[in-house]
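> with the input below, show me the fold.
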Amino acid sequence: MATPYVTVHLTDVTSTQDAALAEVRKRDGSTPVLVTADRQSAGRGRSGRPWEQATVAVFASLAWLPGWTAEDAAVLPLVAGLAVRSSVELITERTVTLKWPNDVLIGAAKVAGVLVERHDDVIVAGCGVNLWWDNPVAGGGSVLDDRPAPGTAATVADEWAAGLLDRIGRGPSGWGRGEYLEHCSTVGMDVTWEPSGRGTAVGIDERGGLVVMSDGLRTVLRAGEVGLVRPARFAPDV
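A predicted model of the protein is given here:
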């Protein structure tokens, strides 16, 4: 059985990340808290980047006390991404893939992303899903071609939170590496990473790191930027 959680819905919020942190602390961390919003004015992505908002979107953040070490918690962006992918699949027949470490794609377009932040003993995972976008930015897209029915955003947010907590409940060793590998579009691609790395992604390790081969050397990426360059010319070793 998935861990129960409290849902708080807000009409307008600066960031669901900040609101979820405040709500879980208000409850002394006794129960996970899911905060959803109709609109947010200061949503953020990785490294503090602003989140470009679609016409109709899911804005949601889940805050909880994980009881995991900081080392184990490094895999949580991938776990959150898996849960987003599963929730999006419920409302579309399109193929939904994962770009390591925290993007959800349909084709080459980013349709959703996650942000995981740690505040002392509290983890806050944010989920942004572009449900419908009448004029998407370059590189962006939406899950649906038309405006969704009322309640769709709430359904996706609830499915995401329940799926995330279910995966977390399996413990750090059962986070879903095989499932992530199955749906990860990054594996098998040539990638670049800061400051000047370049190689081919060949797998995901047990702690969620991206395994790359470059000039015959194996490297595991755990932080920093990774950009897709072009398809690899050989089958990945996973």
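> next, the contact list for Thr92, please.
By CB atoms under 8 Å, 6 or more residues apart in numbering, Thr92 lies in contact with Ile106, Val143, Leu144. Where C-beta positions appear, they are placed from N, C-alpha and C, glycine not excepted.
> top of these by number of neighbours, please.
Using other CB atoms under 10 Å as the neighbour test, these are led by Val143, with 28 neighbours.
> am I right that it is in a helix?
No: the assignment for Val143, made by DSSP: H, G, I helix; E, B strand; the rest coil, is coil rather than a helix.
> test my guess that it contacts Ala109.
No: because the distance of 9.9 Å does not satisfy CB atoms under 8 Å, Val143 is recorded as not touching Ala109.
> re the thing from before, looking at the contacts of Thr92, which one is closest to Asp158?
Closest to Asp158 out of the contacts of Thr92 is Val143 (15.9 Å), distances taken as CB to CB.
> partner residues bridging Val124?
Ala63, Glu117 (DSSP bridges).
> closest to Val191 out of the contacts of Thr92?
Ile106 (20.0 Å).
> I'd say the closest one and Val143 touch.
Yes: taking CB under 8 Å as the contact criterion, Ile106 and Val143 are neighbours in contact, 6.8 Å apart.
> Ser173 in helix, strand or coil?
Secondary structure, three-state DSSP: Ser173 is helix.
> what about the spatially closest residue to it that is not a sequence neighbour, how many residues nearby?
If the residues on either side of it in the chain are set aside, Ser173 comes closest to Glu206, at 7.6 Å by CB to CB, 6 or more residues apart in numbering. Here the count is done by other CB under 10 Å, and Glu206 has 10 residues near it.
> what does the one 4 residues further on give?
Residues lying near Leu210 (other CB under 10 Å) number 23.
> okay, and the common contacts of Ile106 and Val143?
Common neighbours of Ile106 and Val143 (criterion: CB under 8 Å, 6+ apart): Thr92, Arg94.
> tell me the mean pLDDT for the lengthiest helix in the chain?
Looking only at the chain and at elements set by DSSP state H, the helix with the highest residue count is helix 152-168. Helix 152-168 shows a mean pLDDT of 96.
> list the contacts of it.
Contacts of helix 152-168 from elsewhere in the structure, counted by CB under 8 Å, 6+ apart, are 2-3, 5, 7, 9, 32, 34, 36, 56-60, 62, 64, 66, 76, 79-80, 82-84, 86-88, 90-91, 125, 127, 129, 131, 174-176.
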